[in-house]
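Visitor: give me a model of this one.
(3 chains)
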Amino acid sequence: MITKESLITDLHKIRAKAPLVHNITNYVVMNNTANALLAIGASPVMAHAVGEVKDMVKLASSLVINIGTLSPAWIEAMIIAGKAANKRNIPVVFDPVGAGATPYRTHTARQMMKECLLAVIRGNASEIMALAGSKPSTKGVDSIAASHEAVDTAVMLAKKTGAVVVVSGSVDYIVSQQSIIKVKNGSPMMAMVTGMGCTATALVGAFVAVNSDYFHASAHAMTVTGIAGEIAAENAAGPGSMQIHFLDALYNLKDEEIVSHFNIE
Amino acid sequence: MITKESLITDLHKIRAKAPLVHNITNYVVMNNTANALLAIGASPVMAHAVGEVKDMVKLASSLVINIGTLSPAWIEAMIIAGKAANKRNIPVVFDPVGAGATPYRTHTARQMMKECLLAVIRGNASEIMALAGSKPSTKGVDSIAASHEAVDTAVMLAKKTGAVVVVSGSVDYIVSQQSIIKVKNGSPMMAMVTGMGCTATALVGAFVAVNSDYFHASAHAMTVTGIAGEIAAENAAGPGSMQIHFLDALYNLKDEEIVSHFNIE
Amino acid sequence: MITKESLITDLHKIRAKAPLVHNITNYVVMNNTANALLAIGASPVMAHAVGEVKDMVKLASSLVINIGTLSPAWIEAMIIAGKAANKRNIPVVFDPVGAGATPYRTHTARQMMKECLLAVIRGNASEIMALAGSKPSTKGVDSIAASHEAVDTAVMLAKKTGAVVVVSGSVDYIVSQQSIIKVKNGSPMMAMVTGMGCTATALVGAFVAVNSDYFHASAHAMTVTGIAGEIAAENAAGPGSMQIHFLDALYNLKDEEIVSHFNIE
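Guide: Residues are numbered from 1 along each chain as shown, chains lettered A, B, ... in the order given. This next block holds a predicted model:
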């Protein structure tokens, strides 16, 4: 069970330890996810060269892999990094951006699942369904299915891979082999900012770096992301100011705000 | 003729349909252009791998190609994607960033024009002149000529390629083989934000996705960009806040604001 | 000696001449550094293709090289560009992001120092120590040593390479073979924004473009960065708004603000 208190404990741990989170992510969101990790108190590093990912991952407390803008050398580096992380029991968080949109992405995402042991997979409903071989129902990188439609698939995927599967949407489903948590925090304005899902994935990276219960860590991360989104949306005049307020909210997040906004089942 | 009403009609179509705009663009502006496309109501996707552009472009309603940060694999992907779009009558919008600055860019830009049928070419005066073989007069990626100086060249280029040619500057010239529209909307503060031209190009991508009259669609896009820039500049304390207000203005753009700001000839 | 007046003179020169600064930098910060260069009045260009860097650097008044997100083709381009700049006496500013974190970065940074004549090297304490062969003490791309701990190393490095060495931190040390300047401007909030160090390096690029005394130019750049950071932090609610206010402050920077904030030894 996750509680307000368990979330606050993890958040304080992140701020105290500033765990190094190694990201191999897409060009569109690199700046945002680095800033979100800094804002929550973690220490981000971006490195993707085949010649250095093995060395970088050794220094990290978690590895975040995101396939948003792929090319062959990046795929090679992702797999090398994932395997190096596995060898050292460093948790790997995976974001299959756009799986289902093109065979290239779907294939790469499945290859990652096959070659690396993943701690957490976070995607929207379309992406999660594509991973499991369902007929793709995606529009570019945006889902055209609601998160609840992918829950059964997520359970199957969790059983098959051992990973915690997070299906994000207006309600986020955190799915393990045994249990499901529903996170109801968040704001529709979050979908108007590019890479908000990628940011959530990066924040999962911060939480699994301090909590080896990846199911709980994932739920904590999605809740914090949603709460910061709600606080940001209150004052945002549109998607531009939303981005800025989101980072400010994440940085300033108070225990009381977590207590008052916490909305999970 | 374009009118306030024709612009509003297109804008409502974008918001209703959320057309998928496939972008192969530069690293500097990816985040900005994705956010601008979301703010106006379109659905952006960024994908550049040689192994997937053909599949991605099939899903899209338009393709935007921008050569701001080139390298060989990207050029190859741009041409593959452009040809795939041509095959399916998906309009291709092209931004020859920095053409004229280096032979590499000028050559690549001309190669794109030769190998792909372009619906719209948008550049500053220097870039447009460089495409047509005029002596380059560029400073890096910034023009040192005024937009009106490139109008004759733009007409020639429109006749030669069949594309609508947009020369942007303090006045934007939208040039087809038969006609010219002058868009006078905009703010000098827009030039203080990197990639505002690239954003305009991306927004052209959104309009050609819903209006097959590319001449009108381009004029609509440049007008909306200029109006959002004017509204943003009113409240901007500098180029940092300008960026944020621009996205907010684009997202919130009301029919009445279009009516009151509309400034074309 | 640097003074308020010498700084103001350089800043006015940048605004008057808008020197072209060629950047080969990392994906995370490209947008930020381009915007910071525009805000201070310079003209940024990003270009990294092996096939064009030689041509682009010829047009530039300075070259900024930053190894934040490396890969083999980028390293090759950095060296080609650095050598081309050397041939034409265009100053090269180098940012060894993450040197010490992985052998790949440390090796690349040393290779740059060996193959190119550098005008300025700017890094945090860990990076500067790694360049000189001290035992690495880095956490990803963040330093775990204070800037004063790297001053002796910086002096040694300045003597060995002829470059001005800038060790940034809560106090910035500008180190030449003969002298040291301490810049005390800045705000702790700057460290909460990703790439603020990279931005400082880019701004050094703007100052060396107008002042051939690279020691003074570097001190001017670090002071301006620090002052803009202080002004931004006054009104920032967190790291999100900090970024925005920083660009606005840089753009609006008044002579009087320089006079009142100037804090060097």
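Visitor: dump the residue contacts of the closest residue to A:Asn86 other than its chain neighbours.
Guide: With CB to CB, 6 or more residues apart in numbering or on different chains as the criterion, A:Asn86 has its nearest non-adjacent residue at 5.0 Å, and that residue is A:Leu117. Placement of C-beta: from N, CA and C, glycine included. Residues near A:Leu117 by CB atoms under 8 Å, 6 or more residues apart in numbering or on different chains: A:86, A:92, A:161-163.
Visitor: hmm, 7 Å instead?
Guide: A:86, A:92, A:162 (CB atoms under 7 Å, 6 or more residues apart in numbering or on different chains).
Visitor: could you redo those residues as JSON lines and give each row pLDDT and secondary structure?
Guide: Below are those laid out as JSON lines (pLDDT from 0 to 100; DSSP: H, G, I helix; E, B strand; the rest coil):
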{"residue": "A:Asn86", "pLDDT": "98", "secondary structure": "helix"}
{"residue": "A:Val92", "pLDDT": "98", "secondary structure": "strand"}
{"residue": "A:Gly162", "pLDDT": "97", "secondary structure": "coil"}
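Visitor: top of the residues you listed by neighbour count?
Guide: Counting neighbours by other CB atoms under 10 Å in any protein chain shown, A:Val92 leads the contacts of A:Leu117 with 27 neighbours.
Visitor: any bit of stretch A:181-199 sitting next to chain B?
Guide: Yes. Using CB under 7 Å from any CB of the partner chain, we find that stretch A:181-199 touches chain B at A:192-194.
Visitor: off-centre distance for that stretch?
Guide: Stretch A:181-199 sits 11 Å away from the centroid of its parent chain (CA atoms, centre = their mean, to the nearest Å).
Visitor: now the residue nearest to A:Asn86: phi and psi?
Guide: As for A:Leu117, its main-chain torsions (degrees, to the nearest 10) stand at phi -90, psi 120.
Visitor: with A:Val224 instead?
Guide: In terms of degrees, to the nearest 10, the main-chain angles of A:Val224 are phi -60, psi -40.
Visitor: separation between the residue nearest the centre of chain A and A:Leu253?
Guide: Nearest residue to the geometric centre of chain A (CA atoms, centre = their mean): A:Thr201, 1.4 Å. A:Thr201 sits 18 Å away from A:Leu253, going by CB to CB, to the nearest Å.
Visitor: please apply the same query to A:Lys184.
Guide: Using CB to CB, A:Lys184 is found at 18 Å from A:Leu253.
Visitor: more neighbours: which of those two?
Guide: Taking other CB under 10 Å, A:Lys184 and A:Leu253 do not tie; A:Leu253 has more neighbours (22 against 13).
Visitor: now the more buried one. Nearest residue, chain neighbours left out?
Guide: Per CB to CB, 6+ apart, closest to A:Leu253 is A:Ala228, 6.2 Å.
Visitor: who's in contact with that neighbour?
Guide: If you count contacts by CB under 7 Å, 6+ apart, A:Ala228 has them with A:246, A:249-250, A:253.
Visitor: cool, and A:Thr3?
Guide: Counting by CB under 7 Å, 6+ apart, A:Thr3 has no contacts.
Visitor: many thanks, have a good one.
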